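# dropping a prediction and its sequence here:
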Amino acid sequence: MNKLITFFFISLLIICQSLYGDVVLGKLSDASWVSAGGNDMVLSFGRPALGTNFQVEIKTTVTNQLFTITPTDAVDLYIDWGDGNISNYTGSARVDHYYVNAITTTVALSGTTTKILFGYDTATRNVLTRILSPILGMDLTSGNMLFYLCYNLENIYAGMFNYATNVTDFESLFRMGNTTYAGKLTEVPEGLFTNCLKCTKFKQIFRSTKIKYIPDIFGNNTNATDFSYMCNYAYAITNVSPTLFSGCTKVTTFQHLFYRSRVLSEIPSGFFDSNTIVNNFSYAFAGCWGLTTIPSGLFDNNTEVTTFGNTFNNAVNIIDIPSGLFTNCQKVTTYKSTFNGCTALKDIPAVLFGTNNNAIDFTQTFYIDTSLTNVPSTLFDGCTNMSKTIGLFQGCAAIVSDVPELWDTAKFGNATLAVEANHLNTFTGCINAGNYADIPDAWKGL
């Protein structure tokens, strides 16, 4: 009986379509048979079955407000705008939709696209408020800028990327402005990227957001290589999971990792133990005002590092440096501004650079560390290739110990330091150093 009724309606629809074109129930060409239970089948038009699409909540606040979706690669998308309007879209240009009245509703997408953006258009990026489902059946290969500048996004669906198994890039995923501390997003669900095993890039994903804590979200991301700028200007982060990067054995850069994450209070012990091929820690904890200590052995396993430039620059509350911090980092060539502006630092361990014979550049390494009182005379004895010391201890007026006699080329065996351009202002302002009178004028900035 049900099949007879269905046949009757199909016949009626064919007649209507021949007379009037597309009917309100949808295009006949878009129809498909779906189960109605038991042996019965019904003809379904347009909207995919519940649970087979990707759903987000939007909130418009004025009449005729525009909301856009930007697929950046060729796509075949079905978009239910949540106000009774539907788009069947093929192409790669921006898709615009105007909402006649202010509304809070669900937008559902299905079909295929390798990349899609919700915050790319400046006029509509504040409309998206919540993510309501996993990303299903979209065939995404890139999450780059997916929710970039979506300032009113309040939550991340816990299993949002459970089916996004082909994504290789999540750069700028939730990123806010360049230096703007903004957005409503404060929490990240654990295991967010568990199934994204192909992803290599997590650059800038939480930049300038208000995320407070980062749980274990990268545990399975063994192919990840790039976490640079991950939490740039993320002023609300207080701490992170100790095992955050424990599965990320292919990482090569942590450049600007927590740059200006001002309230980050702790670096977990063993935080980088699994990241044995990292070569760049520049600016990794620069501007982290909440840090007071550096865990012993933090870089013990990072034997491929070549730069610690600005790593702790302006971390104003660090009070000491653990002995042997760089002992195993024998490929480092630059310590430029590594501890520049660490104004609470009083002492330097004698063997800090003891094995760093490849280090060349010590420009402003301890520049304006105004609490520094003691500099070991043997601090640079192992740095046989040291050739640039411009501003190394400039502004360190509290030093009362003797300073290393870097100007003595017979002792250090490095004639390049005799070139004035390589050592200008090395000890400028160190007027209380025990051997200040012995320092050549050019080295004192005179």
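Done, it's in.
# between its first and last residues, how far does stretch 210-224 reach?
24 Å (CA to CA, to the nearest Å).
# just the pLDDT for Val167.
Turning to Val167, the model gives it a pLDDT of 97.
# surely it meets Leu197?
No. With contact defined as CB atoms under 8 Å, Val167 does not count as touching Leu197 (9.6 Å). Bear in mind the C-beta positions are built from the backbone N, C-alpha and C, glycine included.
# more neighbours: these two, which one.
Between Val167 and Leu197, counted using other CB atoms under 10 Å, the more crowded position is Val167 (26 against 14).
# tell me the SS of that one?
Classification of Val167 using DSSP: H, G, I helix; E, B strand; the rest coil returns coil.
# for the one 5 residues further on, same thing?
For Ser172, the secondary structure call by three-state DSSP comes out as coil.
# what segments of this structure are strands?
Along the chain, counting by DSSP state E, strands occupy 32-37, 40-44, 54-59, 65-71, 75-80, 86-91, 95-99, 104-112, 116-117, 128-131, 213-214, 239-240.
# can you check which of those gets nearest to Gly354?
For the strands of the chain, the distance to Gly354 is smallest for strand 239-240, at 30.3 Å, taking CB to CB.
# mind giving me the packing neighbours of the closest one?
Counting contacts by 3 or more CB pairs under 8 Å, 6 or more residues apart in numbering; DSSP states H and E, strand 239-240 packs against strand 213-214.
# residues contacting the strand it packs on, please?
Here strand 213-214 makes contact (CB atoms under 8 Å, 6 or more residues apart in numbering) with 187-188, 206, 231, 237-241, 244.
# buried subset of these?
Listed as buried from the contacts of strand 213-214 are 188, 206, 231, 237, 240-241, 244; burial here means 16 or more other CB atoms under 10 Å.
# tell me which of the residues you listed is nearest to Gln255?
Distances from Gln255 to the buried ones among the contacts of strand 213-214, taken by CB to CB, are shortest for Cys231, at 11.9 Å.
# my guess is the closest one contacts Phe254. True?
No. Counting by CB under 8 Å, Cys231 stays clear of Phe254, with 10.6 Å between them.
# tell me the mean pLDDT over stretch 391-401?
Stretch 391-401 comes out at a mean pLDDT of 98.
# closest one to Val263 among the strands of the chain?
Shortest distance between Val263 and these, using CB to CB, is found for strand 239-240: 9.2 Å.
# direction included, what does the closest one pair up with?
With DSSP bridges as the test, strand 239-240 is paired with strand 213-214 (parallel).
# the strand it pairs with: how far from the chain's middle?
A distance of 12 Å separates the C-alpha centroid of strand 213-214 from that of its chain, computed with CA atoms, centre = their mean, to the nearest Å.
# pLDDT averaged over that strand - what is it?
Here strand 213-214 scores 97 as its mean pLDDT.
# check stretch 301-318 too.
98.
# buried residues, that stretch. List them.
Quick answer for stretch 301-318 (16+ other CB under 10 Å): 301-302, 304-316, 318.
# okay, now the unreliable bits of this protein?
1-52, 413 (pLDDT under 70).
# middle-most residue in it, spatially?
The centroid of the chain falls nearest to Met230 when counting by CA atoms, centre = their mean (1.8 Å).
# my guess is it contacts Ser208. True?
No. The criterion here is CB under 8 Å, and Met230 misses it with Ser208 at 11.5 Å.
# quickly list what's touching both of these two.
Among the neighbours of Met230, none is also in contact with Ser208 (CB under 8 Å, 6+ apart).
# re the thing from before, find residues that contact each of Val167 and Leu197.
Counting by CB under 8 Å, 6+ apart, Val167 and Leu197 have no contacts in common.
# and the helices in the protein?
With DSSP state H as the criterion, the chain has helices at 2-20, 409-412, 441-444.
# before we move on, back to that, adding distance to Thr355, write the buried ones among the contacts of strand 213-214 out as a markdown table.
Shown next, in a markdown table, are those (distance: CB to CB, whole Å):
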| residue | distance to Thr355 |
| --- | --- |
| Val188 | 38 |
| Phe206 | 35 |
| Cys231 | 30 |
| Ile237 | 33 |
| Val240 | 29 |
| Ser241 | 31 |
| Leu244 | 28 |
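# that older thread, want to throw the strands of the chain into TSV with distance to Asn328?
Shown next, in TSV, are the strands of the chain (distance: least, CB to CB, whole Å):
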stretch	distance to Asn328
strand 32-37	61
strand 40-44	63
strand 54-59	46
strand 65-71	46
strand 75-80	49
strand 86-91	54
strand 95-99	53
strand 104-112	48
strand 116-117	43
strand 128-131	42
strand 213-214	26
strand 239-240	23
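# how about Val263, what does it touch?
Val263 neighbours (CB under 8 Å, 6+ apart): 235-238, 289-290.
# at 10 Å instead, please
When contacts are counted by CB atoms under 10 Å, 6 or more residues apart in numbering, Val263 touches 212, 234-239, 288-291.
# now the buried members of the residues you listed.
Among the contacts of Val263, the ones that count as buried by 16+ other CB under 10 Å are 234-237, 288-291.
# just to revisit the earlier point, in a markdown table: the contacts of strand 213-214, plus distance to Ala350.
Below are the contacts of strand 213-214 laid out as a markdown table (distance: CB to CB, whole Å):
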| residue | distance to Ala350 |
| --- | --- |
| Glu187 | 44 |
| Val188 | 41 |
| Phe206 | 38 |
| Cys231 | 33 |
| Ile237 | 34 |
| Thr238 | 33 |
| Asn239 | 31 |
| Val240 | 32 |
| Ser241 | 34 |
| Leu244 | 32 |
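# report the two of these separated the most.
With CB to CB as the measure, no two of these lie farther apart than Glu187 and Leu244, at 15.2 Å.
# nearest residue to Lys198 other than its sequence neighbours?
Spatial nearest neighbour of Lys198, chain neighbours left out: Thr168 (5.1 Å); criterion: CB to CB, 6 or more residues apart in numbering.
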